[in-house]
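Student: Here is the input, now give the coordinates:
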Amino acid sequence: MPTDISPVASSDAFPNASPVASPSASADLSVTRLVKRFEKFTAVNDVSFEVEQGRFFSILGPSGCGKTTLLRMIAGFESPDSGVIAIRGRDMAGIAPNRRPVNLIFQHLALFPMMSVAENVAFGLKRRGMAGGEISRRVQDVLERVGLPGYGVKMPAQLSGGQKQRVAIARCLVLEPAVLLLDEPLGALDLKLREQMKVELKTLQAEVGTTFVYITHDQSEALVMSDHVAVMNAGRFEQVDTPRNLYRRPASAFVAGFVGETNVWSGTLEEATGDAGLVRTDEGAVFRARVAAGLAKGTRVDMFIRPEAVLIDPDGASCATDGATDGATDGAAGDGAGGGDAPLPVRGACANRVQVQVQAILFDGAASRLLTHLEGSRREVMVALPQNRLYDHIKPGDRITVGWDDRAGICFAAGSGR
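Tutor: Sure thing, here's the model as predicted:
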């Protein structure tokens, strides 16, 4: 677990998590055992974490998981029922939103249309009573930092969507907040501009060094921009980690199913040795996979395998996968564990192989997929389709072999991700 982020949901749900007893000296934001209820509904349930100075920290989760409520408590617009919010070591209890060293950017940027860019950026400084010469200097400096030198005289109506985003950020940064809070600020942009702004926001944050706390339901935004991501579900943090670890080493079935695209197979764990196991699916196929801690032989499980880990024609392809290079050692299940007619998969590269029939080709550029069915069943298997011209011959109706490494899949107790 990252040293600068201390994730905590309740200790019974995450026995390895340790509560944030007191904010560390390097933390810009520290949240400890925060709870917020609305009558009988608990929106935020015993959440704790820390964000070190200069980090880009995202809270990712589905609608209704509590992420916006959490952000509003940090900003001061909602009061927690219990818990502590500290910014740079100072407890924020009883401190009004306009007195907190934070600024908040919403999806709707609310630039003043009758004011120029410079006047919009200067607005907060004028409210603070700063001298005119110092205001001009700061406005010019921050516009240069966000890549808009010379734009001070323009009106908001003359700006593109991306430029308006940068003006909104400049209007906050000029006030020198300890933490900049962003509530799905890219949601109103078109897809092309949103992709561009993800890169720009990440670059800008790294350049200015301000701590960003970013709320989103868009996985791509969180994974691309963030140093660390908290995955939130039903008011709790399921996992706080780097984007790479969230994707490659999910700590729960919810994270495995929510972050990225995945195939899910239901079955029974026939053998478990350490973190390696042998799974017999409900269709009768037998696969090797990693298993979550605490799962014993005979347990009903859900096995998650990502489409990009499934390789077409494994005999002719390299079988190195994320699971094979995550630093874990290959586990070994007993060779006599399978039973039945299904052959036991070998260990190592492309250990798991199945015959599938192509149902459809879902073309989406670099994200293209093959929609396939396991031969002899209706079990759907989504397979990544690389656009390297090697597989241009594949068409609907074809029967092909696919395979994946024995460390690429991971099993959790059945139904635990719902």
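Student: any idea of the pLDDT on Gly415?
Tutor: Listed pLDDT for Gly415 reads 85.
Student: Which positions are bridged to the nearest residue to it once chain neighbours are set aside in the beta structure?
Tutor: Among residues not flanking Gly415 along the chain, Asp302 sits closest, at 7.3 Å (C-beta to C-beta, 6 or more residues apart in numbering). Every C-beta, even on glycine, is put in place using the N, C-alpha and C of the backbone. Assessed by DSSP bridges, Asp302 has beta-bridge partners Ser266, Phe412.
Student: and Thr203, how many neighbours does it have?
Tutor: 12 (other C-beta atoms under 10 Å).
Student: Arg379 too?
Tutor: 18.
Student: Is the residue nearest to it when sequence neighbours are not counted part of a helix or strand, or is it coil?
Tutor: Computed as C-beta to C-beta, 6+ apart, the closest residue to Arg379 that is not its neighbour in sequence is Glu283, at 5.2 Å. Put simply, Glu283 is coil when judged by DSSP: H, G, I helix; E, B strand; the rest coil.
Student: show me the contacts for Glu283.
Tutor: By C-beta atoms under 8 Å, 6 or more residues apart in numbering, the contact set of Glu283 is 265, 374, 376-377, 379.
Student: got JSON lines for these, with pLDDT and distance to Asp81 too?
Tutor: Output for the contacts of Glu283, formatted as JSON lines (pLDDT from 0 to 100; distance: C-beta to C-beta, whole Å):
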{"residue": "Trp265", "pLDDT": "94", "distance to Asp81": "41"}
{"residue": "Leu374", "pLDDT": "92", "distance to Asp81": "49"}
{"residue": "Gly376", "pLDDT": "84", "distance to Asp81": "54"}
{"residue": "Ser377", "pLDDT": "87", "distance to Asp81": "50"}
{"residue": "Arg379", "pLDDT": "90", "distance to Asp81": "46"}
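Student: Separate out the buried members of those residues.
Tutor: 265, 374, 379 (16 or more other C-beta atoms under 10 Å).
Student: any chance of the residues you listed in JSON lines, plus distance to Ile410?
Tutor: Output for the buried ones among the contacts of Glu283, formatted as JSON lines (distance: C-beta to C-beta, whole Å):
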{"residue": "Trp265", "distance to Ile410": "11"}
{"residue": "Leu374", "distance to Ile410": "19"}
{"residue": "Arg379", "distance to Ile410": "18"}
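Student: closest to Ala93 among those?
Tutor: Ranked by distance to Ala93 (C-beta to C-beta), these are led by Trp265 at 48.2 Å.
Student: ok, the closest residue to Val356 other than its chain neighbours - how many residues close by?
Tutor: Nearest in space to Val356, with sequence neighbours left out and distances taken as C-beta to C-beta, 6+ apart, is Thr372 at 3.8 Å. Thr372: 27 surrounding residues under other C-beta under 10 Å.
Student: and Thr372, how far is that from Gly417?
Tutor: Distance from Thr372 to Gly417, counting by C-beta to C-beta, to the nearest Å: 23 Å.
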